[in-house]
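Trainee: just need the structure, nothing else, for what follows:
(one chain, ligands or ions: 2)
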Amino acid sequence: MELVDSFGRRINYLRLSVTDRCNLRCRYCMPAQGVEKLTHGDILSYEELFRIARAAVAIGVEKIRVTGGEPLVRKGIVPFLARLAALPGLRQLVLTTNGLLLPEMAAELRRAGVQRLNISLDSLKPDTFRAITRTGDVTRVLAGIDAALAAGFPPPKINMVVMRGVNDDEVVEFARLTLEHPYTVRYIEYMPATREENWQRLCIPAGEILDRIAAVYGLEPVEKGTMAGPSRDYRIRGATGTIGVISAVSGHFCSECNRIRITATGMAKSCLFSDEGLDLKPFLGAVDQTPLEDALRRLVGCKPERHGMDAEKAEHKAFSMAKVGG
Ligand code: SAM
Ligand code: SF4
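Mentor: Ligands and ions are numbered 1, 2, ... in the order given. The predicted structure follows:
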(Lines give C-alpha, C1' and ligand atoms only; values in the text may rest on other atoms or scores of the structure.)
(Ligands and ions follow the chains in the order given, each with its own letter.)
Protein backbone atom coordinates (compact mmCIF):
# COMPACT_ATOMS: atom_id res chain seq x y z
CA MET A 1 0.00 0.00 0.00
CA GLU A 2 1.31 3.46 -0.88
CA LEU A 3 0.79 6.55 1.22
CA VAL A 4 0.92 9.70 -0.92
CA ASP A 5 0.34 13.27 0.24
CA SER A 6 -1.55 16.00 -1.61
CA PHE A 7 1.65 17.15 -3.36
CA GLY A 8 2.39 13.68 -4.76
CA ARG A 9 5.14 12.86 -2.27
CA ARG A 10 5.28 9.23 -1.20
CA ILE A 11 5.37 9.04 2.58
CA ASN A 12 7.10 5.86 3.71
CA TYR A 13 9.21 6.97 6.64
CA LEU A 14 8.26 7.47 10.29
CA ARG A 15 10.45 9.08 12.92
CA LEU A 16 9.33 7.81 16.28
CA SER A 17 10.54 9.65 19.36
CA VAL A 18 10.53 7.47 22.47
CA THR A 19 11.67 10.04 25.02
CA ASP A 20 12.48 13.73 25.37
CA ARG A 21 15.20 13.03 27.93
CA CYS A 22 18.86 13.09 27.10
CA ASN A 23 22.27 12.57 28.64
CA LEU A 24 23.63 15.57 26.66
CA ARG A 25 22.55 19.19 26.31
CA CYS A 26 23.53 20.16 22.78
CA ARG A 27 23.34 23.93 22.39
CA TYR A 28 21.30 23.75 19.16
CA CYS A 29 18.81 21.30 20.61
CA MET A 30 17.91 22.38 24.12
CA PRO A 31 18.65 25.03 26.74
CA ALA A 32 21.54 24.49 29.18
CA GLN A 33 19.19 23.48 31.97
CA GLY A 34 17.56 20.83 29.73
CA VAL A 35 13.93 20.62 28.71
CA GLU A 36 11.07 20.76 31.13
CA LYS A 37 10.65 17.15 32.25
CA LEU A 38 7.52 15.38 31.13
CA THR A 39 5.92 13.02 33.61
CA HIS A 40 5.50 9.29 33.02
CA GLY A 41 1.82 9.88 32.29
CA ASP A 42 2.63 12.29 29.44
CA ILE A 43 5.03 9.94 27.70
CA LEU A 44 3.49 7.18 25.61
CA SER A 45 3.98 3.65 26.90
CA TYR A 46 5.85 1.21 24.70
CA GLU A 47 2.53 -0.48 23.98
CA GLU A 48 1.09 2.83 22.69
CA LEU A 49 4.18 3.58 20.62
CA PHE A 50 3.98 0.09 19.17
CA ARG A 51 0.33 0.59 18.18
CA ILE A 52 1.23 3.77 16.31
CA ALA A 53 4.12 2.04 14.55
CA ARG A 54 1.89 -0.89 13.58
CA ALA A 55 -0.82 1.41 12.21
CA ALA A 56 1.74 3.45 10.26
CA VAL A 57 3.20 0.31 8.69
CA ALA A 58 -0.29 -0.93 7.85
CA ILE A 59 -0.95 2.20 5.76
CA GLY A 60 2.36 2.33 3.91
CA VAL A 61 5.29 3.23 6.16
CA GLU A 62 8.29 1.01 5.38
CA LYS A 63 11.03 2.59 7.44
CA ILE A 64 11.01 3.58 11.11
CA ARG A 65 13.70 5.60 12.79
CA VAL A 66 13.64 5.50 16.58
CA THR A 67 14.90 8.75 18.02
CA GLY A 68 14.49 11.10 20.98
CA GLY A 69 15.85 12.85 23.10
CA GLU A 70 18.36 10.10 23.50
CA PRO A 71 16.51 6.84 22.79
CA LEU A 72 19.06 4.68 24.59
CA VAL A 73 18.38 6.34 27.96
CA ARG A 74 14.80 5.03 28.07
CA LYS A 75 14.52 1.86 30.15
CA GLY A 76 13.25 -1.14 28.22
CA ILE A 77 14.27 0.21 24.82
CA VAL A 78 15.90 -3.02 23.61
CA PRO A 79 12.81 -5.30 23.90
CA PHE A 80 10.73 -2.51 22.33
CA LEU A 81 13.09 -2.36 19.36
CA ALA A 82 12.94 -6.16 19.01
CA ARG A 83 9.16 -5.92 18.85
CA LEU A 84 9.32 -3.23 16.17
CA ALA A 85 11.86 -5.21 14.18
CA ALA A 86 9.40 -8.11 13.99
CA LEU A 87 6.58 -5.95 12.55
CA PRO A 88 5.42 -7.56 9.29
CA GLY A 89 5.78 -5.10 6.41
CA LEU A 90 8.52 -3.00 8.03
CA ARG A 91 11.55 -3.01 5.77
CA GLN A 92 13.97 -0.90 7.78
CA LEU A 93 14.41 -0.25 11.49
CA VAL A 94 17.09 2.29 12.23
CA LEU A 95 18.09 4.35 15.25
CA THR A 96 19.60 7.79 15.82
CA THR A 97 21.77 8.13 18.89
CA ASN A 98 24.43 10.37 20.35
CA GLY A 99 26.51 7.20 20.75
CA LEU A 100 27.38 7.62 24.42
CA LEU A 101 25.76 4.35 25.49
CA LEU A 102 26.83 2.29 22.50
CA PRO A 103 29.89 0.77 24.17
CA GLU A 104 27.51 -1.07 26.53
CA MET A 105 24.52 -1.49 24.25
CA ALA A 106 25.63 -1.96 20.63
CA ALA A 107 25.63 -5.78 20.71
CA GLU A 108 22.12 -6.07 22.19
CA LEU A 109 20.76 -3.47 19.75
CA ARG A 110 22.11 -5.50 16.88
CA ARG A 111 20.60 -8.70 18.29
CA ALA A 112 17.25 -6.89 18.68
CA GLY A 113 17.19 -6.33 14.91
CA VAL A 114 18.19 -2.68 14.51
CA GLN A 115 19.60 -2.52 10.99
CA ARG A 116 21.56 0.68 11.02
CA LEU A 117 22.71 3.46 13.33
CA ASN A 118 23.01 7.20 12.78
CA ILE A 119 25.46 8.58 15.29
CA SER A 120 25.64 12.30 16.00
CA LEU A 121 29.16 13.67 16.20
CA ASP A 122 29.74 17.37 15.71
CA SER A 123 33.45 17.60 16.44
CA LEU A 124 36.49 15.38 16.80
CA LYS A 125 38.12 17.94 19.12
CA PRO A 126 37.39 17.20 22.79
CA ASP A 127 37.01 20.90 23.74
CA THR A 128 34.75 21.79 20.83
CA PHE A 129 32.67 18.66 21.38
CA ARG A 130 32.24 19.55 25.04
CA ALA A 131 31.34 23.14 24.22
CA ILE A 132 28.62 22.04 21.77
CA THR A 133 27.16 19.26 23.90
CA ARG A 134 27.82 21.16 27.15
CA THR A 135 28.80 17.94 28.96
CA GLY A 136 29.97 15.30 26.49
CA ASP A 137 33.19 13.32 26.13
CA VAL A 138 34.02 12.70 22.46
CA THR A 139 36.11 9.62 23.27
CA ARG A 140 32.90 7.87 24.42
CA VAL A 141 31.26 8.51 21.04
CA LEU A 142 34.33 7.26 19.17
CA ALA A 143 34.29 4.14 21.38
CA GLY A 144 30.58 3.84 20.55
CA ILE A 145 31.33 3.84 16.80
CA ASP A 146 33.92 1.10 17.32
CA ALA A 147 31.46 -0.90 19.43
CA ALA A 148 28.80 -0.62 16.70
CA LEU A 149 31.23 -1.95 14.09
CA ALA A 150 32.37 -4.74 16.43
CA ALA A 151 28.72 -5.71 16.98
CA GLY A 152 28.28 -6.23 13.24
CA PHE A 153 26.42 -3.03 12.32
CA PRO A 154 27.07 -1.67 8.85
CA PRO A 155 29.28 1.44 8.90
CA PRO A 156 27.27 4.17 10.63
CA LYS A 157 26.00 7.42 9.28
CA ILE A 158 27.71 10.19 11.19
CA ASN A 159 25.58 13.31 11.58
CA MET A 160 27.45 16.60 11.94
CA VAL A 161 25.50 19.81 12.54
CA VAL A 162 27.71 22.49 11.01
CA MET A 163 27.92 25.85 12.77
CA ARG A 164 29.92 28.82 11.52
CA GLY A 165 32.72 29.76 13.90
CA VAL A 166 32.03 26.74 16.11
CA ASN A 167 32.96 23.55 14.23
CA ASP A 168 33.05 24.53 10.56
CA ASP A 169 36.86 24.33 10.60
CA GLU A 170 36.37 20.54 10.75
CA VAL A 171 34.18 20.15 7.65
CA VAL A 172 37.02 18.94 5.43
CA GLU A 173 38.46 16.77 8.19
CA PHE A 174 35.13 14.95 8.55
CA ALA A 175 35.05 14.39 4.79
CA ARG A 176 38.58 13.02 5.02
CA LEU A 177 37.31 10.31 7.39
CA THR A 178 35.48 8.75 4.43
CA LEU A 179 38.72 8.20 2.52
CA GLU A 180 39.65 5.27 4.73
CA HIS A 181 36.45 4.49 6.63
CA PRO A 182 33.25 3.33 4.94
CA TYR A 183 31.18 5.83 6.95
CA THR A 184 28.56 8.13 5.53
CA VAL A 185 29.24 11.61 6.89
CA ARG A 186 26.07 13.70 6.80
CA TYR A 187 26.41 17.44 7.16
CA ILE A 188 23.22 18.93 8.57
CA GLU A 189 22.48 22.61 8.18
CA TYR A 190 22.05 24.20 11.56
CA MET A 191 18.35 24.81 12.15
CA PRO A 192 17.18 27.63 14.41
CA ALA A 193 15.07 25.36 16.60
CA THR A 194 15.85 26.98 19.94
CA ARG A 195 16.18 30.44 18.33
CA GLU A 196 19.65 31.06 19.72
CA GLU A 197 20.71 34.69 19.56
CA ASN A 198 22.25 35.58 16.18
CA TRP A 199 21.34 32.18 14.79
CA GLN A 200 21.53 33.47 11.22
CA ARG A 201 25.30 33.84 11.67
CA LEU A 202 25.61 30.16 12.62
CA CYS A 203 23.87 28.73 9.54
CA ILE A 204 26.10 27.54 6.72
CA PRO A 205 24.17 26.64 3.58
CA ALA A 206 24.74 23.13 2.22
CA GLY A 207 26.14 24.60 -1.01
CA GLU A 208 28.93 26.32 0.91
CA ILE A 209 29.70 23.12 2.83
CA LEU A 210 30.05 21.22 -0.46
CA ASP A 211 32.16 23.99 -2.01
CA ARG A 212 34.59 23.81 0.87
CA ILE A 213 35.04 20.06 0.39
CA ALA A 214 35.14 20.34 -3.41
CA ALA A 215 37.95 22.91 -3.10
CA VAL A 216 40.12 20.10 -1.69
CA TYR A 217 38.69 16.87 -3.16
CA GLY A 218 36.91 15.89 -6.37
CA LEU A 219 33.30 14.89 -5.64
CA GLU A 220 31.02 12.62 -7.62
CA PRO A 221 27.26 12.27 -6.99
CA VAL A 222 25.98 9.01 -5.48
CA GLU A 223 22.60 7.58 -6.44
CA LYS A 224 20.23 7.06 -3.57
CA GLY A 225 17.61 4.47 -2.71
CA THR A 226 13.84 4.96 -2.49
CA MET A 227 13.85 5.39 1.30
CA ALA A 228 16.88 7.63 1.46
CA GLY A 229 15.15 10.90 2.33
CA PRO A 230 16.28 14.40 1.52
CA SER A 231 20.05 14.10 1.72
CA ARG A 232 22.19 14.86 -1.39
CA ASP A 233 25.01 12.34 -1.46
CA TYR A 234 28.50 12.39 -2.97
CA ARG A 235 31.71 10.42 -2.85
CA ILE A 236 35.21 11.83 -2.83
CA ARG A 237 36.79 10.17 -5.87
CA GLY A 238 38.31 6.88 -4.72
CA ALA A 239 36.96 7.13 -1.16
CA THR A 240 35.57 4.17 0.76
CA GLY A 241 32.71 6.09 2.36
CA THR A 242 30.35 8.83 1.20
CA ILE A 243 29.31 12.30 2.26
CA GLY A 244 25.87 13.89 2.17
CA VAL A 245 24.30 17.26 2.88
CA ILE A 246 20.89 17.91 4.37
CA SER A 247 19.80 21.37 3.34
CA ALA A 248 16.95 21.75 5.75
CA VAL A 249 17.11 25.53 5.75
CA SER A 250 18.48 26.65 2.39
CA GLY A 251 16.08 24.57 0.29
CA HIS A 252 16.09 21.47 -1.97
CA PHE A 253 14.52 19.69 0.96
CA CYS A 254 10.74 19.87 1.22
CA SER A 255 9.98 18.59 -2.29
CA GLU A 256 11.66 15.29 -1.41
CA CYS A 257 10.32 14.98 2.11
CA ASN A 258 9.02 11.44 2.72
CA ARG A 259 8.43 11.50 6.46
CA ILE A 260 6.09 12.04 9.35
CA ARG A 261 7.01 12.32 13.01
CA ILE A 262 5.57 11.18 16.30
CA THR A 263 6.68 12.83 19.52
CA ALA A 264 7.10 10.90 22.75
CA THR A 265 3.83 12.40 23.97
CA GLY A 266 1.88 11.11 20.98
CA MET A 267 1.69 14.25 18.87
CA ALA A 268 1.90 13.43 15.19
CA LYS A 269 3.61 16.05 13.02
CA SER A 270 3.60 16.22 9.27
CA CYS A 271 6.40 18.82 9.18
CA LEU A 272 9.28 19.33 11.59
CA PHE A 273 8.63 23.05 11.73
CA SER A 274 4.88 23.09 12.10
CA ASP A 275 3.77 24.45 15.46
CA GLU A 276 0.71 22.23 15.54
CA GLY A 277 0.39 18.49 15.67
CA LEU A 278 -2.35 15.91 15.75
CA ASP A 279 -2.83 14.34 19.17
CA LEU A 280 -2.99 10.58 18.68
CA LYS A 281 -3.74 9.75 22.32
CA PRO A 282 -7.55 9.62 21.84
CA PHE A 283 -7.05 6.90 19.19
CA LEU A 284 -4.80 4.66 21.23
CA GLY A 285 -7.31 2.98 23.54
CA ALA A 286 -9.46 1.20 20.95
CA VAL A 287 -8.87 -2.41 19.95
CA ASP A 288 -9.81 -1.52 16.37
CA GLN A 289 -6.80 0.04 14.66
CA THR A 290 -8.82 1.73 11.91
CA PRO A 291 -9.40 5.11 13.64
CA LEU A 292 -5.68 5.40 14.30
CA GLU A 293 -4.86 4.55 10.69
CA ASP A 294 -7.42 7.13 9.51
CA ALA A 295 -5.90 9.77 11.80
CA LEU A 296 -2.45 9.11 10.33
CA ARG A 297 -3.87 9.34 6.80
CA ARG A 298 -5.47 12.70 7.68
CA LEU A 299 -2.13 13.91 8.98
CA VAL A 300 -0.45 12.98 5.70
CA GLY A 301 -3.29 14.68 3.80
CA CYS A 302 -2.52 17.95 5.62
CA LYS A 303 1.25 17.82 5.11
CA PRO A 304 2.31 21.30 3.97
CA GLU A 305 4.16 21.76 0.70
CA ARG A 306 7.12 23.37 2.44
CA HIS A 307 8.21 24.74 5.79
CA GLY A 308 8.02 28.48 6.36
CA MET A 309 11.59 28.98 7.34
CA ASP A 310 14.56 30.40 5.50
CA ALA A 311 18.02 31.57 6.35
CA GLU A 312 16.80 35.08 7.23
CA LYS A 313 13.74 34.47 9.33
CA ALA A 314 12.25 31.66 11.37
CA GLU A 315 8.48 31.58 11.19
CA HIS A 316 7.99 29.10 13.97
CA LYS A 317 7.98 29.20 17.73
CA ALA A 318 11.18 28.16 19.51
CA PHE A 319 11.18 24.44 20.24
CA SER A 320 13.54 21.73 21.40
CA MET A 321 14.56 19.20 18.77
CA ALA A 322 14.75 16.68 21.62
CA LYS A 323 10.98 17.00 21.99
CA VAL A 324 10.28 16.42 18.30
CA GLY A 325 12.98 13.88 17.56
CA GLY A 326 15.11 15.87 15.08
N1 SAM B 1 19.92 12.14 20.77
C2 SAM B 1 20.04 11.59 19.46
C3 SAM B 1 21.12 12.25 18.68
O4 SAM B 1 21.55 13.33 19.06
O5 SAM B 1 21.54 11.68 17.67
C6 SAM B 1 18.75 11.60 18.69
C7 SAM B 1 17.87 12.82 18.77
S8 SAM B 1 18.51 14.29 18.04
C9 SAM B 1 17.23 15.45 18.36
C10 SAM B 1 18.36 13.89 16.32
C11 SAM B 1 19.23 14.70 15.38
O12 SAM B 1 18.77 16.04 15.37
C13 SAM B 1 20.71 14.74 15.75
O14 SAM B 1 21.50 14.30 14.67
C15 SAM B 1 20.95 16.20 16.02
O16 SAM B 1 22.25 16.58 15.67
C17 SAM B 1 19.89 16.86 15.17
N18 SAM B 1 19.56 18.20 15.62
C19 SAM B 1 19.10 18.58 16.82
N20 SAM B 1 18.91 19.92 16.86
C21 SAM B 1 19.29 20.39 15.65
C22 SAM B 1 19.34 21.69 15.05
N23 SAM B 1 18.97 22.78 15.73
N24 SAM B 1 19.77 21.81 13.79
C25 SAM B 1 20.13 20.71 13.08
N26 SAM B 1 20.10 19.46 13.57
C27 SAM B 1 19.69 19.30 14.84
FE1 SF4 C 1 20.45 15.08 23.20
FE2 SF4 C 1 20.46 14.48 20.62
FE3 SF4 C 1 19.45 16.82 21.49
FE4 SF4 C 1 22.05 16.44 21.62
S5 SF4 C 1 20.84 16.51 19.74
S6 SF4 C 1 20.75 17.26 23.27
S7 SF4 C 1 22.19 14.31 22.03
S8 SF4 C 1 18.65 14.84 21.90
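Trainee: what's Asp168 in contact with, if anything?
Mentor: If a contact means C-beta atoms under 8 Å, 6 or more residues apart in numbering, then Asp168 has 162, 204, 212 as its contacts. Quick note: C-beta positions are derived from backbone N, CA and C, even for glycine.
Trainee: filter the residues you listed down to the ones in helices?
Mentor: Residues of the contacts of Asp168 located in helices (DSSP state H): Arg212.
Trainee: which positions in the stretch 1-150 of the chain make contact with ligand 2?
Mentor: When proximity is defined by C-beta under 6 Å from any ligand atom, the stretch 1-150 of the chain lies next to ligand 2 at 22, 24-26, 29-30, 68-70, 98, 120.
Trainee: just list the residues touching the residue of the stretch 51-200 of the chain found nearest ligand 2, thanks.
Mentor: When distances are taken as C-beta to the nearest ligand atom, the stretch 51-200 of the chain reaches nearest to ligand 2 at Asn98, 3.6 Å away. With contacts defined as C-beta under 8 Å, 6+ apart, Asn98 is in contact with 22-24, 70, 119-120, 133, 136, 141.
Trainee: in PyMOL, how would I select just the buried ones from the residues you listed?
Mentor: This is how PyMOL selects the buried members of the contacts of Asn98, with burial counted by 16 or more other C-beta atoms under 10 Å:
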select buried, resi 22+24+70+119+120+133+136+141
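Trainee: number of nearby residues for the residue nearest to Asp5 when sequence neighbours are not counted?
Mentor: Leaving aside its sequence neighbours, Asp5 sits nearest to Lys303 (C-beta to C-beta, 6 or more residues apart in numbering; 4.4 Å). Other residues near Lys303 number 19, with proximity taken as other C-beta atoms under 10 Å.
Trainee: give the phi and psi angles for Lys303, as a check.
Mentor: Dihedral angles phi and psi of Lys303 (degrees, to the nearest 10) take the values phi -60, psi 130.
Trainee: one step back: just put the residues of the stretch 1-150 of the chain next to ligand 2 in TSV and tack on pLDDT.
Mentor: Rendered in TSV, the data for these read as follows (pLDDT from 0 to 100):
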residue	pLDDT
Cys22	95
Leu24	96
Arg25	95
Cys26	96
Cys29	93
Met30	90
Gly68	94
Gly69	94
Glu70	97
Asn98	98
Ser120	98
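Trainee: so which of the residues you listed comes closest to Val4?
Mentor: Using C-beta to C-beta, Gly68 is the member of those that lies nearest Val4, at 28.7 Å.
Trainee: for the closest residue to the closest one other than its chain neighbours, the count of nearby residues, please.
Mentor: On the basis of C-beta to C-beta, 6+ apart, the spatially nearest residue to Gly68 that is not a chain neighbour turns out to be Thr19, at 4.7 Å. Neighbour count of Thr19, defined by other C-beta under 10 Å: 23.
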